[in-house]
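[1] quick check, what structure comes out for this input:
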Amino acid sequence: MGALTHASLVEYLLEEAYEVAETIEEGHPDSELLGELGDVLLQVVLHARLAEERGAFTFDDVARGLGAKMIRRNPHVFRPDGTLQDSFPATVDQIVQKWDAVKRAEKPGRKDPFEGIPQALPALARAQKSLDRAARAGVPGPADMETGPFATEEELGKLLFAVVHSAHESGFDAERALRGAVRQYQQGTGRNPAAPNPAPS
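    The predicted structure follows:
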């Protein structure tokens with residue numbers, strides 16, 4: 001194995017995160033979740049150690065930064081000194097609104113609601129995140145989407161799998177196709193059915 005670098009560790013960080021998701025979604029015992037979370041934490045420790053060797057930051061810096069960020073971005077939970085507030089918002093929507101307001105105040109120059117969504121996210125996750133951000137920013141969704149509503153996630157899953165199967169049978173890459181559609185939407189052309197398709201990535 002070659003020298004450890006941030007880049008060489010990325011695939012392991014992603015793999016460990018997916019293993020946590022699988023453990024949760026399949027209802028594995030807490031002992032397995034404990035182990036999988038430890039594996040993710042190990043990746044964080046390794047990245048921090050590499051950064052420390054470069055003189056950039058340490059694991060303690062990561063933890064302190066996270067603590068400060070949680071306090072700063074959750075004024076509905078924490079006072080500025082880190083102690084808990086006496087009362088909390090009643091609904092998840094109120095919490096999200098407060099969170100969004102703090103993030104906007106931190107980055108007042110950010111106008112694009114899609115900024116900060118990782119390009120490396122799988123296309124389905126990126127589409128979901130983009131639509132969620134758009135709804136919170138009051139940006140309309142694609143005008144030509146008339147699918148659903150679905151009664152269950154299982155029903156949705158079967159339809160998505162059927163779409164992927166149909167794409168495969170037609171010689172198309174469903175992941176690449178969805179990446180292109182999300183990119184079009186984020187660039188503002190997704191609401192214009194006449195807009196040309198972007199080149200595949």
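[2] all contacts plus neighbour counts: C-alpha atoms, from now on.
    Fine.
[3] send the alpha carbons of the lowest-mean-pLDDT helix or strand in the chain over as PDB?
    Least confident element among the helices and strands of the chain, by mean pLDDT, DSSP states H and E: helix 92-106 (a mean of 81). In PDB, the C-alpha atoms belonging to helix 92-106 read as follows (Å, rounded to 0.1, in the frame of the first residue of the first chain):
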ATOM      1  CA  VAL A  92     -38.800  20.600  13.100                       C
ATOM      2  CA  ASP A  93     -39.800  23.300  10.600                       C
ATOM      3  CA  GLN A  94     -39.000  26.000  13.100                       C
ATOM      4  CA  ILE A  95     -35.600  24.400  13.800                       C
ATOM      5  CA  VAL A  96     -34.800  24.200  10.100                       C
ATOM      6  CA  GLN A  97     -35.900  27.900   9.600                       C
ATOM      7  CA  LYS A  98     -33.600  29.000  12.500                       C
ATOM      8  CA  TRP A  99     -30.700  26.900  11.100                       C
ATOM      9  CA  ASP A 100     -31.200  28.400   7.600                       C
ATOM     10  CA  ALA A 101     -31.300  31.900   9.000                       C
ATOM     11  CA  VAL A 102     -28.000  31.400  10.800                       C
ATOM     12  CA  LYS A 103     -26.300  29.900   7.800                       C
ATOM     13  CA  ARG A 104     -27.500  32.900   5.600                       C
ATOM     14  CA  ALA A 105     -26.100  35.300   8.200                       C
ATOM     15  CA  GLU A 106     -22.800  33.500   8.100                       C
END
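[4] mind giving me the packing neighbours of that helix?
    The contact analysis (3 or more C-alpha pairs under 8 Å, 6 or more residues apart in numbering; DSSP states H and E) places helix 92-106 against helix 59-73.
[5] which parts of the helix it packs on are buried?
    For helix 59-73, a neighbour-count test (16 or more other C-alpha atoms under 10 Å) marks 59, 71-73 as buried.
[6] alpha carbons only: can I get that helix in CSV?
    Written as CSV, here are the backbone C-alpha positions of helix 59-73 (Å, rounded to 0.1, in the frame of the first residue of the first chain):
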residue,chain,number,x,y,z
PHE,A,59,-8.1,16.3,15.9
ASP,A,60,-8.6,18.6,18.8
ASP,A,61,-9.0,21.5,16.4
VAL,A,62,-11.7,19.5,14.5
ALA,A,63,-13.6,18.8,17.8
ARG,A,64,-13.3,22.4,19.0
GLY,A,65,-14.5,23.6,15.6
LEU,A,66,-17.4,21.3,15.6
GLY,A,67,-18.4,22.4,19.1
ALA,A,68,-18.3,26.1,18.2
LYS,A,69,-20.2,25.4,14.9
MET,A,70,-23.0,23.5,16.8
ILE,A,71,-23.4,26.3,19.3
ARG,A,72,-23.3,29.0,16.6
ARG,A,73,-25.7,27.3,14.2
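[7] starting at the chain centroid, how far to the longest helix along the chain?
    Under DSSP state H, the helix in the chain containing the largest number of residues is helix 30-53. The chain centroid and the centroid of helix 30-53 are separated by 19 Å, computed with C-alpha atoms, centre = their mean, to the nearest Å.
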